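**Student:** okay, predicted coordinates and the sequence, questions at the end:
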Amino acid sequence: LVLVTGMLSLFFFLVLRPRNLHAGIPPVDNTGSPPEQKTANKTTSVTSEIKKILRTAAGNEVREKGSPQSKSAEWILNHQNLTMFKDEDGKILETKVVQRYGLGAIYYSLNGSSWVHPKTNSSSCQWMDGYSECCWNGVSCNGNGTVVQLQLEKLNLTGHIPREAALLDQLTNLDMFSNSISGKIPLLPRSLVYLNLKANMLEGSIPRHFFSLKFLNFVDLSNNRLTGMLSKGFGKLSRLIEFDISNNLFDGKLPVTIGDMVELQKFDASHNKFWNKIPTEIGRVKTLQFFDVSYNSLQGNIPGELINIPELLVLSLEHNHL
């Protein structure tokens, strides 16, 4: 009887016990799509959003095949892990996309594949690799990963500086000294404090928008092929401390608005074609220490207001008609 009872108990346990009806069955996808398709849909959505951001930032130039703009956009879309542009909540960071696109446009516009890079250290990497742009040679960022400095001097840069440089809207220092950059001075970030484009092959005049860069305190455009007059808008750069446009082809009058440069310490316009008189308004610049307008075609009397500036240490007026 005991044996029979035990066998019946085993029978009920094995055959008639309740089953776990969900065991071995994959979870139901309420969307009706397999996981692979959902991933593809998400990727397509991210790509579409980034394309929209790029079209807004680049305009029609991004559609010109072979242009630096299209190359930069293609590099972002086809050679980057697009998740790098998302924040912790999965939202696309537009500023991150625009910053990386702007740097890519600079790289392709200035023939980056021919740049002569200095030896890298353990904390730096080459441009256009998969790492953060903050470790690229010559690129410095703040604590938020925003580019604030570009130091690209003596790297064999050739070509034109693209207008996309202005997309780096927190950039304070731009140094491209001693390269072979041609073309005109482009639109630049309004945040600039330090600008060094000395010893290149820039042409044309200083554009009007240049005088809206109200934070500038250092400008060196010397040893280029720049032409035209120094606009009255020059006086709007009231925070300038050093301004050097020597060894160019500027002509016309020195602007009277130079008297508005209340912090100016150095003014070098030597080896140009300036003519007419030295404006007496220069006497209002009490901080001036260095004033060089030699090798021009200036005429008239030397203003007493200039000679009486208390801080003036260097005054060079030779080879004029004074």
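**Tutor:** That came through, no problem. All of these numbers come straight from a predicted model, not from anything done at the bench.

**Student:** can you tell me the closest non-neighbouring residue to residue 114?
**Tutor:** Leaving aside its chain neighbours, residue 114 sits nearest to residue 156 (5.9 Å; criterion: CB to CB, 6 or more residues apart in numbering). For every residue, glycine as well, the C-beta is placed using N, CA and C.

**Student:** and the one you found, what element?
**Tutor:** If you go by DSSP states H and E, residue 156 is not part of any helix or strand.

**Student:** go ahead and confirm it touches residue 115.
**Tutor:** Yes: if you go by CB atoms under 8 Å, residue 156 and residue 115 touch, sitting 5.8 Å apart.

**Student:** the two: which has the busier surroundings?
**Tutor:** Higher neighbour count among residue 156 and residue 115: residue 115, with 18 against 14, using other CB atoms under 10 Å.

**Student:** checking the nearest residue to residue 297 once chain neighbours are set aside next. Helix, strand or coil?
**Tutor:** Excluding the flanking residues, the one nearest residue 297 by CB to CB, 6+ apart is residue 275, at 4.3 Å. Secondary structure state of residue 275, per DSSP: H, G, I helix; E, B strand; the rest coil, is strand.

**Student:** residues in contact with residue 275?
**Tutor:** Taking CB atoms under 8 Å, 6 or more residues apart in numbering, we find residue 275 in contact with 251-253, 296-299.

**Student:** now, of the residues you listed, which are buried?
**Tutor:** Neighbour-count burial (16 or more other CB atoms under 10 Å) applied to these gives 296, 298.

**Student:** ok, the nearest residue to residue 273 once chain neighbours are set aside to residue 245 distance?
**Tutor:** Leaving aside its sequence neighbours, residue 273 sits nearest to residue 251 (CB to CB, 6+ apart; 4.0 Å). Distance of residue 251 to residue 245, given as CB to CB, to the nearest Å: 12 Å.

**Student:** which residues are common contacts for those two?
**Tutor:** Joint contacts of residue 251 and residue 245 (CB under 8 Å, 6+ apart) are residue 272.

**Student:** wait, doesn't residue 127 sit right on residue 111?
**Tutor:** No: Residue 127 is beyond contact range of residue 111, at 11.7 Å (criterion: CB under 8 Å).

**Student:** who has more neighbours out of the two?
**Tutor:** residue 127 (18 against 14).

**Student:** for that one, what are its contacts?
**Tutor:** 103, 107, 112, 115, 136-137, 139.

**Student:** in what helix or strand does residue 53 lie?
**Tutor:** Applying DSSP H and E, one finds residue 53 within helix 35-58.
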